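Colleague: 3D, please:
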Amino acid sequence: MLVLTRKLGEVIKIGDKVKVVVVAVDGGSVKLGIEAPDEIPVHREEVYVKIASENKEASSRLDRDSAKALKDMLSKGSPRASKDSERTGKKNA
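Modeller: Sure, this is the predicted structure:
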């Protein structure tokens, strides 16, 4: 971890696109201003952890739902395969 000392109004650059400014210092609290392009997400750690947890939960729900839908399709036969066999008179293997 890089540890830097900055005074009020001083800046830290991260690459060419991110700028961190010390906006205020009040006792044990430091306010930082962060300028970054929209494609670089910037979050407090507790917000980032919550977002990651919600994304993981949604993804596992989607995986379960997708697996169930696939299982249902396979057990009933795919609608596409049924239409093809009706049209050609042949069943898909």
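
Colleague: what mean pLDDT does stretch 51-67 have?
Modeller: Stretch 51-67 carries an average pLDDT of 81.

Colleague: do the same with stretch 71-87
Modeller: 67.

Colleague: so which helix or strand takes in residue 22?
Modeller: In the assignment (DSSP states H and E), residue 22 maps to strand 18-26.

Colleague: helices or strands up against that strand?
Modeller: Under the contact criterion of 3 or more CB pairs under 8 Å, 6 or more residues apart in numbering; DSSP states H and E, strand 18-26 touches strand 11-14, strand 29-35. (Each C-beta comes from the backbone N, C-alpha and C, glycine too.)

Colleague: mean neighbour count and mean pLDDT added to the ones you listed, as a markdown table?
Modeller: Formatted as a markdown table, the helices and strands packed on strand 18-26 follow (neighbours: other CB atoms under 10 Å; pLDDT from 0 to 100):
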| stretch | mean neighbour count | mean pLDDT |
| --- | --- | --- |
| strand 11-14 | 12 | 98 |
| strand 29-35 | 11 | 96 |
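
Colleague: check the secondary structure at residue 37 for me.
Modeller: Three-state assignment for residue 37 (DSSP: H, G, I helix; E, B strand; the rest coil): coil.

Colleague: ok, now how distant is it from residue 17?
Modeller: Using CB to CB, to the nearest Å, residue 37 is found at 5 Å from residue 17.
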